[in-house]
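A.B. asks: For reference, the sequence and a predicted model appear below.
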Amino acid sequence: MNQRKSSGWVLKFISGKYQGGEFPLEMDSEVVIGRSSELDMVLVEDMVSRRHARITTYGNEIYIEDFGSTNGSFVNGEKITKARLKEGDRILVGTNIIKLVHRDSEEGAGRDMRGGMGNDRGAQASRTTGATLTGSISGLIEEVPLPDLLQLFATSKKSGVLVIHRENDSGKVYLREGRVYFAVIDDDIDVSPYKSFYRIMAWNQGTFSLEHPTDETFENEIDESTEGLMMEGMRILDEMENLGADVPDMDAHLIINSPLVPPLRGLAPEILDTFQLILNYGKVLQVLNRSLSSDLETMQAIVHLIRNDYIRAN
């Protein structure tokens, strides 16, 4: 029996119940993906067609080709019919997010999840990871950054509630056919959904899962394209980082200096408003939540007050 040589390329499942599983690609070969039990990679879920797509490896080139599947195949958020793959590309098939990674042959052999290579159903299923998907998209933010994830969902027009958990917070982003229409952190719906969304976009650690759509309604829905929201979120994050080391943590307390030496009459009205919020609430998060200005504008005012000796963070 001929033994094909490993190409060093691996399909790594970074979302769903197959998360952590790997599918080594062999040189000069093809992998047919779908629900049908006789295929090379069997993904048993409704959003995957019986014959969904094919990945071919010839020489140093790897291609993915969609077979006209009902729900489509996506590479880095873009729907494709055929595309050349490169290292780091993220492929969405059904509810599976798969990343193309390269390893030397020894490393790849150690993670080979293929099991048997026969035509029986059990062997083919074990070639993937030995699990059966239930239709939920889940994984680690470290593997799939939230902006990339939302781009995938926007292009594939997914609906549901994206639930994100990190050490001390949980966030929810509500999607309707790929469009964000609400966001909330720790179920505090009194905070502007725009503020909640931009804060969640700054999270770079934690877990995510796309849950089923909800019939919840909100009075103050977000009215902005997902692309526009993400661009603004990236701008805010960059501007926050540019403020430097004086930016206090969200859970920090802000203390008005006593005696207060610099005159209040020297403050601009919007900074004076922030000073009043600090006087009334004291904690960074509460000041941001209560402010009528954006998080960026309020944080700029806080940093100004710190640098000019009106307040200090503790």
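C.D. replies: Good, I have the coordinates.

A.B. asks: can you pull out the strands in the stretch 101-250 of the chain?
C.D. replies: Using DSSP state E, counting those that start in this stretch, the strands of the stretch 101-250 of the chain run over 137-140, 160-165, 170-176, 179-185, 207-211.

A.B. asks: hey, least reliable of these by pLDDT?
C.D. replies: For those, mean pLDDT drops lowest on strand 137-140, to a mean of 85.

A.B. asks: What is the neighbour count of M234?
C.D. replies: In terms of burial, M234 registers 14 neighbours under the definition other CB atoms under 10 Å. C-beta here means a position set from N, CA and C on the backbone, and glycine is covered the same way.

A.B. asks: Which residues are in contact with it?
C.D. replies: By CB atoms under 8 Å, 6 or more residues apart in numbering, the residues touching M234 are P147, M201.

A.B. asks: For A83, name its beta-bridge partners.
C.D. replies: For A83, the residues forming beta bridges with it (DSSP bridges) are I64.

A.B. asks: Please report how far it lies from E142.
C.D. replies: Using CB to CB, to the nearest Å, one gets 25 Å for the distance from A83 to E142.

A.B. asks: Which one's more surrounded, those two?
C.D. replies: A count of neighbours by other CB under 10 Å puts A83 above the other of A83 and E142, at 19 against 11.

A.B. asks: rewinding a little: how about the strands of the stretch 101-250 of the chain in CSV, adding mean neighbour count and distance to K195?
C.D. replies: Formatted as CSV, the strands of the stretch 101-250 of the chain follow (neighbours: other CB atoms under 10 Å; distance: least, CB to CB, whole Å):
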stretch, mean neighbour count, distance to K195
strand 137-140, 19, 25
strand 160-165, 18, 15
strand 170-176, 20, 12
strand 179-185, 22, 9
strand 207-211, 18, 20
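
A.B. asks: quick check: domain ranges of this protein?
C.D. replies: Per the TED database, the domain ranges recorded for the chain read 8-103, 138-240, 243-313.

A.B. asks: Please work out which of these is packed deepest.
C.D. replies: domain 8-103 (a mean of 19; mean count of other CB atoms under 10 Å).

A.B. asks: gap between the two ends of that domain?
C.D. replies: The first and final residues of domain 8-103 sit 5 Å from each other (CA to CA, to the nearest Å).
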